[in-house]
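S.K.: sharing a model prediction with you, sequence too.
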Amino acid sequence: MLYLLLAAAVIIIGSFCLVFGLDKSKPAKTRKHLLYAALICVFIVWGLATVIMMNPMK
């Protein structure tokens, strides 16, 4: 259950990073950092999904 909640939180954080990273009114350096943070969130969710699938809830 903790994995599911953690995955949901990371998806929400990654979504905000992606939305604000694509905003052209922000400085380029800030957008770059936000997009990298969104990419890291994707890999974290990918890993959490793998853990959830390998260890189904009992």
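M.R.: All right, it came through fine.
S.K.: return the distance of residue 48 relative to residue 25.
M.R.: Going from residue 48 to residue 25 by Cβ to Cβ, to the nearest Å gives 32 Å. Bear in mind the C-beta positions are built from the backbone N, C-alpha and C, glycine included.
S.K.: more neighbours: which of the two?
M.R.: A direct count of neighbours by other Cβ atoms under 10 Å for residue 48 and residue 25 places residue 48 higher, at 18 against 6.
S.K.: surely residue 34 touches residue 17?
M.R.: Yes - proximity of residue 34 to residue 17 meets the contact threshold set by Cβ atoms under 8 Å, at 4.7 Å.
S.K.: any weak-confidence spans in the chain?
M.R.: Applying pLDDT under 70 to the chain flags residues 58.
S.K.: try 80
M.R.: Within the chain, the ranges that satisfy pLDDT under 80 run 1, 56-58.
S.K.: now the helices: where do they sit in it?
M.R.: 2-21, 28-54 (DSSP state H).
S.K.: what residue is smack in the middle of the chain?
M.R.: residue 41 (2.6 Å; Cα atoms, centre = their mean).
S.K.: which residue packs closest to that residue, ignoring adjacent ones?
M.R.: If the residues on either side of it in the chain are set aside, residue 41 comes closest to residue 14, at 3.0 Å by Cβ to Cβ, 6 or more residues apart in numbering.
S.K.: surely that neighbour meets residue 38?
M.R.: Yes - the criterion here is Cβ under 8 Å, and residue 14 meets it with residue 38 at 4.9 Å.
S.K.: how far out from the middle of the chain is stretch 35-48?
M.R.: 4 Å (Cα atoms, centre = their mean, to the nearest Å).
S.K.: can you check stretch 15-32 too?
M.R.: Using Cα atoms, centre = their mean, the distance between the centre of stretch 15-32 and that of its chain works out at 14 Å.
S.K.: can you point out the buried residues in it?
M.R.: Applying a neighbour-count criterion of 16 or more other Cβ atoms under 10 Å, one finds 17-18, 20-21, 31 buried in stretch 15-32.
S.K.: what would those look like in JSON lines with distance to residue 4?
M.R.: Shown next, in JSON lines, are those (distance: Cβ to Cβ, whole Å):
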{"residue": "17", "distance to residue 4": "20"}
{"residue": "18", "distance to residue 4": "21"}
{"residue": "20", "distance to residue 4": "25"}
{"residue": "21", "distance to residue 4": "25"}
{"residue": "31", "distance to residue 4": "30"}
